[in-house]
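Chemist: No letters, just coordinates:
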């Protein structure tokens, strides 16, 4: 209950912040969108069209009323409803993030568990090295290098665009390491912590094999922490996706955001910022609730 | 909960001042720690320091001007695969400019923005975190709500939109990363102050009539510095990558002034003919970010006893 209320307040603050963003900046919003060289008449027209000539509270009211009706305004550049543009860009982004998270999960969790069980050994060092590298590589640079090697030099995979399953391989590989590093770290630490628990000693004392102990007892308990972090990673992945999508001409939210930013298509930029914030808040709320449902020891004040 | 913010409850064990024997023991243990766990941190810091030194040495020693175009030596490959023997270590770009020189002039700007932003974020975050943690009540609610609001936005997207609105220049870039970076510091310092404000030595200081500012600055802040430094090094790695991403998207420092990001942006269209234009600035970025993360890891294992090896 308390959590939900808190999330609602944050959501409200998010709408206020996003609404005010363009007004806090010195200068006339309509002028900012059209640039310095635009004719005064065009600026006037845009101002009237976006309702920027009305009092602020009224503008905010219209903005929120629009939100509840699923109306995010119209793109200045494409002359189409923002909802349509975002709706088109969302599936590719979800696909890309999903693919990257799967790679991060499939590689990161086993490596992390392996490192956590062999704490301090060479396996641990190798895993930590991988995680360190993963968190230090800029996804867009990795993407460019992958293009240079696997697309330009070897010609195995397409350089950019979308269409076939082969198109997603390079962008997903470029975006995965950041999340992978984090997933690896968290699974390592949580397995390490779990391995010192009494019930693990009990399980070992019962004569259960190492694989059973790790797989059944340690991993099960470590998975909660891993899931929590996966949720937190969505924000970082979305950030990485912005540049990665631009590099691979991937028609997702990130590229939509960058294109709109560069052409100062404020209604689209504002909507992307707003929607991703709402997505993050809701996601974290869901994770918190799920966390409490899985682990009864977690109590909210 | 982040790793760093959980450090503080371990600090709580040091209640009151240790006596002389305890102190020398503490000292011996600290020294041992720095020797065993500090190697990582030291290694990372050395790499960063090397990059900073090279950022000043190489452009000064280089026979090539960072913006000196030379159309006769366009797109020269790096030294070891160069058949014409023009001796360009990292090769040249489409205008014949020396990549090695440009990468290290670019390092100056990338590092300046990142260090500036981390310092600013640490300052803002520390002050707000101290206030929130020590004063509590309404101040705490307002500050922490602002933190939550800030964390609701993906950092990259927020930074991009704000820079696009206020214009990409050095000061604005630093400001934007202060804006996106301060919540991490505020959270960490708040957690430390919450744990520390009930300590007996703080109560004693309060009993002796020390004011709030004095208690926060002199008694709480020094004990919160450990976790704070750890957050700062991790933040440095993040800002380095964010700054390059913005530059790459042409929303950072503008050409012809080189940054790692905008050199890579220039190299993007040359990928098939001149991979080195993209490769070298990117690998420097990896080194710098890795060095910062390594320093953070090392410091973290010194600060957080649970991460120490047995």
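Modeler: Perfect, I can see it now. Small disclaimer: the values here were computed from a predicted structure and weren't measured. Residues are numbered from 1 along each chain as shown, chains lettered A, B, ... in the order given.
Chemist: what sits against residue A:46?
Modeler: Residues counted as contacts of residue A:46 (C-beta atoms under 8 Å, 6 or more residues apart in numbering or on different chains) are A:30, A:33, A:34, A:52, A:76. Backbone N, C-alpha and C define where each C-beta goes, glycine included.
Chemist: okay, the fourth one: pLDDT?
Modeler: Same thing as residue A:52. We have a pLDDT of 72 for residue A:52.
Chemist: Can you report how many residues neighbour it?
Modeler: Around residue A:52 there are 17 other residues, counting by other C-beta atoms under 10 Å in any protein chain shown.
Chemist: Show me the helices in the stretch 101-250 of chain A, by range?
Modeler: For the stretch 101-250 of chain A, the helices defined by DSSP state H, counting those that start in this stretch cover A:122-136, A:139-146, A:166-195, A:198-205, A:210-212, A:219-248.
Chemist: Now the weakest link among these, please, by mean pLDDT.
Modeler: Across these, the lowest-scoring stretch is helix A:210-212, with a mean of 69.
Chemist: Surely residue A:151 is in contact with residue A:161?
Modeler: No. The pair residue A:151 and residue A:161 fails to qualify as a contact (C-beta atoms under 8 Å) at a distance of 10.8 Å.
Chemist: Among the two, which residue is more densely surrounded?
Modeler: residue A:151 (18 against 11).
Chemist: got a pLDDT number for the more buried one?
Modeler: pLDDT at residue A:151 comes out at 74.
Chemist: now the one 4 residues further on
Modeler: At residue A:155, the predicted lDDT confidence score is 69.
Chemist: Near residue A:199, how many other residues are there?
Modeler: 12.
Chemist: ok, it to residue A:187 distance?
Modeler: Look at residue A:199 and residue A:187: by C-beta to C-beta, to the nearest Å, they are 19 Å apart.
Chemist: And for residue A:141?
Modeler: 26 Å.
Chemist: Could you do residue A:276 as well?
Modeler: Residue A:276 is 26 Å from residue A:187, by C-beta to C-beta.
Chemist: More neighbours: which of these two?
Modeler: When residue A:276 and residue A:187 are compared for neighbours, residue A:187 comes out ahead with 28 against 25, by other C-beta under 10 Å.
Chemist: Do I have it right that the more buried one meets residue A:109?
Modeler: Yes. The pair residue A:187 / residue A:109 is scored as a contact, 5.0 Å apart, by C-beta under 8 Å.
Chemist: Share the number of residues neighbouring the closest residue to chain B within the stretch 201-301 of chain A, please.
Modeler: Closest residue of the stretch 201-301 of chain A to chain B, C-beta to the nearest C-beta: residue A:239 (3.1 Å). Neighbours of residue A:239 under the rule other C-beta under 10 Å: 26.
Chemist: Give me the contacts around the host helix or strand of residue B:146.
Modeler: Following DSSP states H and E, one finds residue B:146 within helix B:137-151. Here helix B:137-151 makes contact (C-beta under 8 Å, 6+ apart) with A:6, A:9-10, A:13-14, A:17, B:128-129, B:131-133, B:179-180, B:182-183, B:186-187, B:190.
Chemist: Sort out which of these are in helices and list them.
Modeler: Residues of the contacts of helix B:137-151 located in helices (DSSP state H): A:6, A:9-10, A:13-14, A:17, B:128-129, B:131-133, B:179-180, B:182-183, B:186-187, B:190.
Chemist: Only whichever of these are buried, select them in ChimeraX.
Modeler: Typed into ChimeraX, the line below selects the buried ones among these, using 16 or more other C-beta atoms under 10 Å in any protein chain shown:
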select /A:6,10,13,14,17 /B:128,129,131,132,133,179,180,182,183,186,187,190
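Chemist: For residue B:252, which three-state class applies?
Modeler: Here residue B:252 is recorded as coil under DSSP: H, G, I helix; E, B strand; the rest coil.
Chemist: which non-adjacent residue is nearest it?
Modeler: residue B:246 (4.2 Å; C-beta to C-beta, 6 or more residues apart in numbering or on different chains).
Chemist: what's the helix or strand for the one you found?
Modeler: Residue B:246 belongs to helix B:221-248, assigned by DSSP H and E.
Chemist: show me the residues around residue 172 that make contact.
Modeler: Went with chain A since none was named. A:96, A:99, A:100, A:103.
Chemist: that's the wrong chain, I meant chain B
Modeler: If you count contacts by C-beta under 8 Å, 6+ apart, then residue B:172 has B:163, B:166 around it.
Chemist: per-residue confidence for it?
Modeler: 86.
Chemist: Skipping its backbone neighbours, what lies nearest residue A:14 in space?
Modeler: Residue A:14 sits nearest to residue A:277 (C-beta to C-beta, 6+ apart), 4.7 Å away.
Chemist: tell me which residues in the helix or strand containing the one you found are buried?
Modeler: Under the criterion of DSSP H and E, residue A:277 resides in helix A:266-294. Counting neighbours by 16+ other C-beta under 10 Å, one finds that the buried residues in helix A:266-294 are A:266-281, A:284-285, A:287-288.
Chemist: what does stretch B:201-208 give?
Modeler: Buried residues in stretch B:201-208 (16+ other C-beta under 10 Å): B:202, B:205.
Chemist: Please state the offset of it from the chain centre?
Modeler: 35 Å (C-alpha atoms, centre = their mean, to the nearest Å).
Chemist: Quick one: check stretch A:89-107 for contact with chain B.
Modeler: No. Shown here: stretch A:89-107 not in contact with chain B (C-beta under 8 Å from any C-beta of the partner chain), separated by at least 11.6 Å.
Chemist: now that stretch: how far from the chain's centre is it?
Modeler: 10 Å.
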